[in-house]
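Student: what follows is a predicted structure for the sequence shown.
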Amino acid sequence: MTTMSNARRGLPLTSSRIEKIFPKLTPAQISRIAAHGHIRSVQSGEVLIEQGDTSTPLFAITSGEVEIVRPLRGQETLITVHGPGEFTGDVTTLSGRQSFARARATKPGEVIELDHQQMLGLVQTDAELGEILMRAFILRKAVLITAGVGDIVLIGSTYSADTLRIKEFLMRNGQPYSYIDLEHDPDVQNMLDSFHLAANEIPVVICRGQVVLRNPSKQEIADCLGFNESINQTQVRDLIIIGAGPSGLAAAVYGASEGLDVLVLETGSPGGQAGSSSRIENYLGFPTGISGQELASRAYLQAQKFGTDILIAKATRLICDSKPYIVELESGARIPARTIVIATGAEYRRPPCKNLSRFEGAGVYYGATFVESQLCSGEEVIVVGGGNSAGQAAVFLAETTKRVHILVRSAGLAESMSRYLIRRIEETATIVLRPYTEIIAVEGDDHLEFVRWHNNQTGQTEEHKIRHLFVMMGADPNTSWLDGCVALDKGFIKTGPDLSPDNLSAAGWPIMRQPYLLETSLPSVFAVGDVRGGNIKRVASAVGEGSIAISFVHKVLQE
Ligand SMILES: Cc1cc2nc3c(=O)[nH]c(=O)nc-3n(C[C@H](O)[C@H](O)[C@H](O)COP(=O)(O)OP(=O)(O)OC[C@H]3O[C@@H](n4cnc5c(N)ncnc54)[C@H](O)[C@@H]3O)c2cc1C
């Protein structure tokens, strides 16, 4: 076992952070925790949480010590030691997902044990302790992510699109991991040899030092890490929400906090489109802006705090000919629900270049977050599109790149972009606006190397050695899986007053009342956010619709 350099902590932390990450509770706070759980004596060496356990309890230590270690390939790495007045746990304790660590008493003593439900009851009802616990959980996870301490190793390459895909999946799911880069890490060959891997098999994900996944899908990683293990997939839910973008997460927070039994299904990128936004500056309450990823991870935790179950899975069909309705997953599982909120958002549009998908993640990106900005620091980049997301990306990328070319098919930005962004673009010397211009070809080997663009006004075609292309051309709704269950308009879901008498009679609307606001042509099924026809494509409106939908969910549950 690794010995401690610092007698108390395994992770390098400054003392000011230690107080927030490992707060010492007062005797009064400890007795309030005790009211939610039970007191348990522990012996030295007794394991309280084993790696891989799901829905793990929370332990508050009243006497003795509990160490947290990460077991990996027969060895343990010390993460921390909790003493009297401290408590175990991080955000995994909240979600009920598999524990990546082992908790073991190192001295005889006494702890207060709260099972998963009791812990949720505590954070939901005791405002002061709820805040202390939530803050500590979030900071602990952040430290683990920064230190790369997790139970997963990713071996990849800076030039591989699939490596970027996996990194984003892990980051969006708050999963700490160690990263070994084929091009830059001197130990990579040893690592490959010890798992009998060839360089051309990367990206490779190694779970708990045992299971080796070669270029895995998001679902394979989720299964390997046991993301879905603690979640019941057969019980009839009050509400299933499909999609964990801002609208779905808002519906989850309001639904679960108001006592509904809520399950959220998400294909893999919690936070949706908003999660890929580098900086959201027009969301109420964040005067200096907030990164989409941060907003998404806060909302994700908030939903879990109120007891929402979040399943990393794709909904592939809605079975709507009898009640309860059934949502079918890619795995074949079928989950029944009394009410449904569809929050599946939209999919990015792409310029019609035949090679484009080859370079996705390897020079072609649909979001401009910190991860992408690091990849193109000091280089020239192209942003395609004239909407607000393109404008934000251009302004953000201009901070770290040599030059940003904005390509728009129209004459300018005035019609499609907010004034404040247009002004910032005009004031930034390194941003060049190219009107009437379209990408017509992308070329390269393993990575994008050259881009050709065409000016529709002058008829000129130019080739440039530019290695990074950000596509921000808007999106199409994710509704193909709905299998004709609800009325659509150009693929977007029609709701409430937008449903004409013809729509309702074609759908066989079976009840006396008219559809509620946000209700689709199928009773008790609602649509919110970008997937809904007529929606204003903004984070705030997605959040607003997700929250409003819950008041109608309560109404239909009482019918
Ligand atoms: C780069 C970028 C920057 C932006 N910046 C801003 C901004 O600054 N301010 C602003 O107000 N708006 C901004 N927007 C727009 C805003 O992000 C969207 O309006 C908002 O995210 C819509 O939320 P949503 O929940 O409706 O859908 P989405 O965000 O699209 O989320 C839908 C979710 O559903 C999941 N999903 C889809 N199909 C399935 C399925 N079959 N099964 C399970 N899950 C599924 C997806 O994986 C996704 O996570 C930006 C958008 C982008 C792309």
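Tutor: That came in fine, so what should we check first?

Student: list phi and psi for Ser541.
Tutor: Main-chain dihedrals, Ser541, degrees, to the nearest 10: phi -70, psi -30.

Student: tell me, how many residues neighbour the nearest residue to it once chain neighbours are set aside?
Tutor: Nearest non-adjacent residue to Ser541, counting by CB to CB, 6 or more residues apart in numbering: Asn535, 6.2 Å away. Placement of C-beta: from N, CA and C, glycine included. As a burial measure, Asn535 scores 23 neighbours (other CB atoms under 10 Å).

Student: need the contact list for Asn535.
Tutor: Each residue near Asn535 by CB atoms under 8 Å, 6 or more residues apart in numbering is listed here: 492, 528-529, 541-542, 545.

Student: who wins on neighbours among those?
Tutor: Neighbour-wise, the contacts of Asn535 (other CB under 10 Å) top out at Gly529, 35 neighbours.

Student: and that residue, what pLDDT?
Tutor: Predicted confidence (pLDDT) for Gly529: 97.

Student: ok, for it, nearest residue in space, not its chain neighbours?
Tutor: That would be Ser247: by CB to CB, 6+ apart, it lies 2.9 Å from Gly529.

Student: burial of the residue of the stretch 51-200 of the chain found nearest the ligand, as a residue count?
Tutor: Per CB to the nearest ligand atom, Arg172 is where the stretch 51-200 of the chain lies closest to the ligand, at 8.7 Å. By other CB under 10 Å, 22 other residues sit near Arg172.

Student: so what's it up against?
Tutor: 268-271, 275, 293, 296-297.

Student: put together TSV for those, with distance to Leu329 on each row.
Tutor: Shown next, in TSV, are these (distance: CB to CB, whole Å):
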residue	distance to Leu329
Gly268	13
Ser269	16
Pro270	17
Gly271	20
Gly275	21
Gln293	26
Ala296	22
Ser297	24
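
Student: can you narrow those to ones near the ligand?
Tutor: Intersecting the contacts of Arg172 with the contacts of the ligand gives Ser269 (criterion: CB under 6 Å from any ligand atom).

Student: from the contacts of Arg172, which is closest to the ligand?
Tutor: Nearest to the ligand among the contacts of Arg172, counting by CB to the nearest ligand atom, is Ser269 at 4.7 Å.

Student: from Ala252, how far off is the closest one?
Tutor: Per CB to CB, to the nearest Å, Ser269 is found 15 Å from Ala252.

Student: these two - which one has more neighbours?
Tutor: Between Ser269 and Ala252, counted using other CB under 10 Å, the more crowded position is Ala252 (31 against 23).

Student: which SS class is the more buried one?
Tutor: Ala252 carries the three-state label helix when classified by DSSP: H, G, I helix; E, B strand; the rest coil.

Student: so it touches Gly245, yeah?
Tutor: No - taking contacts as CB atoms under 8 Å, Ala252 lies outside contact range of Gly245: 10.9 Å.

Student: assumed Glu426 was part of a helix.
Tutor: Yes - with three-state DSSP as the criterion, Glu426 is located in a helix.

Student: neighbours around it, how many?
Tutor: When neighbours are defined as other CB under 10 Å, Glu426 has 11 of them.

Student: please renumber the chain so that the first residue is 662 from this point on.
Tutor: Sure, I'll start numbering at 662, so the last one becomes Glu1087.

Student: how close does it sit to the ligand?
Tutor: Distance, Glu1087 to the ligand, using CB to the nearest ligand atom, to the nearest Å: 19 Å.

Student: next, work out how far apart that residue and Arg1070 are.
Tutor: Between Glu1087 and Arg1070 the distance, using CB to CB, works out to 20 Å.

Student: so Val849 makes contact with Val814?
Tutor: No - judged on CB under 8 Å, Val849 makes no contact with Val814 at a distance of 11.0 Å.

Student: contacting residues around Glu1041?
Tutor: Taking CB under 8 Å, 6+ apart, we find Glu1041 in contact with 1062-1066, 1125, 1127, 1129.

Student: for the chain, which residues are neighbours of the ligand?
Tutor: Residues of the chain lying close to the ligand by CB under 6 Å from any ligand atom are 903-909, 926-928, 930, 933-935, 937-938, 941, 943, 975-976, 1004-1007, 1028, 1050, 1053, 1139, 1142, 1190-1192, 1198-1201, 1203.

Student: in strands only, show me those residues.
Tutor: Of the positions in these, 903, 926-927, 976, 1007 sit in strands, assigned by DSSP state E.

Student: wait, what's in contact with Gln963?
Tutor: When contacts are counted by CB under 8 Å, 6+ apart, Gln963 is found next to 910, 914.

Student: ok, Ser1038 touching Ala1059?
Tutor: No - Ser1038 is not in contact with Ala1059 according to CB under 8 Å; the separation is 11.8 Å.

Student: mind checking which of those two has more residues around it?
Tutor: Neighbour totals were compared for Ser1038 and Ala1059, and Ala1059 leads with 19 against 13 (other CB under 10 Å).

Student: nearest to Gly887, of the ones in strands among the residues of the chain next to the ligand?
Tutor: Glu927 (16.1 Å; CB to CB).

Student: what's opposite the closest one in the beta bridge?
Tutor: Glu927 has these beta-bridge partners by DSSP bridges: Ile973.
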